[in-house]
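In: build me a model from this:
(2 chains)
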Number of protein chains: 2
Amino acid sequence: MDYYSVQIRELIEQLNSLPGIGTKSAQRLAFHILNLPEENVKKLSDTIVNARTKVRYCRECFTLTDNELCPICSNPARDKKTIMVVEDTKDLAAYEKTQKYQGVYHVLHGAISPMLGIGPEDIRLKELMTRLAGDVEEVIIATNSSLEGETTAMYLSKLIKPTGIRVTRIASGVPVGGDLEYIDEVTLLRALEGRTEL
Amino acid sequence: MDYYSVQIRELIEQLNSLPGIGTKSAQRLAFHILNLPEENVKKLSDTIVNARTKVRYCRECFTLTDNELCPICSNPARDKKTIMVVEDTKDLAAYEKTQKYQGVYHVLHGAISPMLGIGPEDIRLKELMTRLAGDVEEVIIATNSSLEGETTAMYLSKLIKPTGIRVTRIASGVPVGGDLEYIDEVTLLRALEGRTEL
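Out: Okay, here's the model as predicted:
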């Protein structure tokens, strides 16, 4: 890549290191950026750093947010007695898009995966158990319908049932092997309505 | 998108504004960035600003580079009497990858397009004509084989021919390894017209 100057080469390499961006896309993006007005580029760069430095975990549900409490946990209208457990913030966003769920969430930031060496201690499970010591009536397990998601659901239900709290699992209206993030709202709602006792 | 904090929303919006990056990709990229170590994010951001602020046009050929003269124009081994005219820096890079072309380039930064209102004065044509006042033997027109590229090639050849400098156009035809069956009629006809003696 000697025909590009160092800065262009570095820019292409950096963009290329992002997921889903191949060499050609990285090149196209790089030249797009080089042709943007300087203030737009500054804004893009600032937004990236800003998001990374200012965003942190919600004290309650561990979703990514910019305050100590996320907008959902700090909303008095939300039902704090119902906790939906999801794998990550994108899954929370997927359920929020349905605009029907009134409870709160708990973001695990992963799922148990013996294959990848991710155990119960590597996700936000302990924090969930701490929350359950409070006034909670139902835990809805909405981990993905993948092997890891199902494993996590099983593990969770075994852990929570002895406490007497109702444990439910979203219905398998979600296609097996599907990722919550990519599923349409109607299917997500169908799955919520059809949740069953574990 | 109230379920995301302002910073995450802005990051997704900024990424979404880049070419070829839809909402889903932007979301995935945003969360990838949020999970990167802080120094990597800083590096990504710096690289973007750095490239945009340090990169400028080569004084001779107008490719994007970081010096007054690009590595090609400042290389004494390159044949300055042969100029290949390309639409943009990516096209220059494509020819450099062949490692066979020994001449220099001229980057137009666009092509004439009456449809988009881009005229000869909007691309680096005047600068090319200035260069031709020097010691130049051949101008190879390597604009794209699109309507705009062909229009530009025609315009250029009419402009340069009276100066007595040799003007050539890269051949268009069936790509190497291409299967005739899948090639469009226009290309097939072009290949037929451009047939050479064996």
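
In: use CA for all of it now, contacts and neighbours both
Out: Fine.

In: residue A:107 pairs with what?
Out: Using DSSP bridges, the beta-bridge partners of residue A:107 come out as residue A:86.

In: quick one: pLDDT of it?
Out: Note on residue A:107: pLDDT of 95.

In: with the one 3 residues further on instead?
Out: The predicted structure scores residue A:110 at 92 on the pLDDT scale.

In: then the one 5 residues further on?
Out: pLDDT, the model's per-residue confidence, is 89 for residue A:115.

In: ok, residue A:86 next?
Out: For residue A:86, pLDDT reads 93.

In: what's the answer for residue A:60, then?
Out: Residue A:60 is given a pLDDT of 93.

In: what does the one 3 residues further on give?
Out: The pLDDT attached to residue A:63 in the predicted structure is 92.

In: tell me the angle of the top helix by length along chain A relative to helix B:38-54?
Out: As assigned by DSSP state H, the longest helix anywhere in chain A is helix A:38-54. Following axes from the mean of the first three to the mean of the last three Cα atoms, to 10 degrees, one obtains 170 degrees for the angle between helix A:38-54 and helix B:38-54.

In: mean confidence for helix A:38-54?
Out: Average pLDDT, helix A:38-54: 91.

In: what does it contact?
Out: Applying Cα atoms under 8 Å, 6 or more residues apart in numbering or on different chains, the contact partners of helix A:38-54 are A:33, A:66, B:7-8, B:10-11, B:14-15, B:33-35, B:38, B:41-42, B:45-46, B:48-49, B:52-53.

In: how about it as CSV, C-alpha atoms only?
Out: Written as CSV, here are the backbone C-alpha positions of helix A:38-54 (Å, rounded to 0.1, in the frame of the first residue of the first chain):
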residue,chain,number,x,y,z
GLU,A,38,-13.0,19.0,8.6
GLU,A,39,-15.6,19.9,11.3
ASN,A,40,-17.7,16.8,10.4
VAL,A,41,-14.6,14.6,10.9
LYS,A,42,-13.9,16.3,14.2
LYS,A,43,-17.4,15.6,15.3
LEU,A,44,-17.2,11.9,14.2
SER,A,45,-14.0,11.5,16.1
ASP,A,46,-15.3,13.3,19.2
THR,A,47,-18.5,11.3,19.2
ILE,A,48,-16.4,8.0,19.2
VAL,A,49,-14.2,9.1,22.1
ASN,A,50,-17.1,10.7,24.0
ALA,A,51,-19.3,7.6,23.8
ARG,A,52,-16.4,5.4,25.0
THR,A,53,-15.4,7.6,27.9
LYS,A,54,-18.8,8.8,29.1
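
In: right, and the helix or strand after it?
Out: strand A:56-57 (DSSP states H and E).

In: partners of that next one in the sheet?
Out: Strand partners for strand A:56-57, identified by DSSP bridges, are recorded as strand A:64-65 (antiparallel).

In: now the strands for chain A?
Out: With strands called from DSSP state E, chain A shows them at A:56-57, A:64-65, A:79-86, A:103-107, A:138-141, A:166-169, A:196-197.

In: including distance to residue B:58, could those strands go into a markdown table?
Out: Formatted as a markdown table, these follow (distance: least, Cα to Cα, whole Å):
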| stretch | distance to residue B:58 |
| --- | --- |
| strand A:56-57 | 44 |
| strand A:64-65 | 44 |
| strand A:79-86 | 53 |
| strand A:103-107 | 51 |
| strand A:138-141 | 59 |
| strand A:166-169 | 62 |
| strand A:196-197 | 67 |
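
In: for residue B:155, find the nearest of these.
Out: Residue B:155 sits nearest to strand A:64-65 of all the strands of chain A, at 56.0 Å, using Cα to Cα.

In: any idea how far the closest one is from the chain center?
Out: Mean C-alpha position of strand A:64-65 versus that of the full chain (Cα atoms, centre = their mean, to the nearest Å) differs by 10 Å.

In: so which residues make contact with that strand?
Out: In contact with strand A:64-65 (Cα under 8 Å, 6+ apart) are residues A:55-58, A:70, A:89, B:4-5, B:8.

In: apply 7 Å and report the result again.
Out: A:55-58, A:89, B:4-5 (Cα atoms under 7 Å, 6 or more residues apart in numbering or on different chains).

In: what's the answer for stretch A:117-133, then?
Out: Everything outside stretch A:117-133 that qualifies as a contact, by Cα under 7 Å, 6+ apart, is A:106, A:108-113.

In: what parts of chain A come near chain B?
Out: Residues of chain A lying near chain B by Cα under 7 Å from any Cα of the partner chain: A:3-5, A:7-8, A:10-11, A:14, A:19, A:29, A:34, A:38, A:41-42, A:44-45, A:47-52, A:65-66, A:71, A:93, A:96.

In: write the ChimeraX selection for whichever of these are buried.
Out: Those of the residues of chain A next to chain B that count as buried under 16 or more other Cα atoms under 10 Å in any protein chain shown are selected in ChimeraX with:
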select /A:3,4,5,7,8,10,11,14,29,34,41,42,44,45,47,48,49,50,51,52,65,66,71,93,96
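
In: grab the nearest non-local neighbour of residue A:3.
Out: residue B:93 (6.0 Å; Cα to Cα, 6 or more residues apart in numbering or on different chains).

In: state the distance from the one you found to residue A:86.
Out: Per Cα to Cα, to the nearest Å, residue B:93 is found 46 Å from residue A:86.

In: all helices for chain A, in order.
Out: Under DSSP H, chain A gives helices at A:6-16, A:23-34, A:38-54, A:89-96, A:125-132, A:147-160, A:185-193.

In: will you turn those helices into JSON lines that also has distance to residue B:75?
Out: Below are the helices of chain A laid out as JSON lines (distance: least, Cα to Cα, whole Å):
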{"stretch": "helix A:6-16", "distance to residue B:75": "16"}
{"stretch": "helix A:23-34", "distance to residue B:75": "24"}
{"stretch": "helix A:38-54", "distance to residue B:75": "30"}
{"stretch": "helix A:89-96", "distance to residue B:75": "51"}
{"stretch": "helix A:125-132", "distance to residue B:75": "61"}
{"stretch": "helix A:147-160", "distance to residue B:75": "57"}
{"stretch": "helix A:185-193", "distance to residue B:75": "59"}
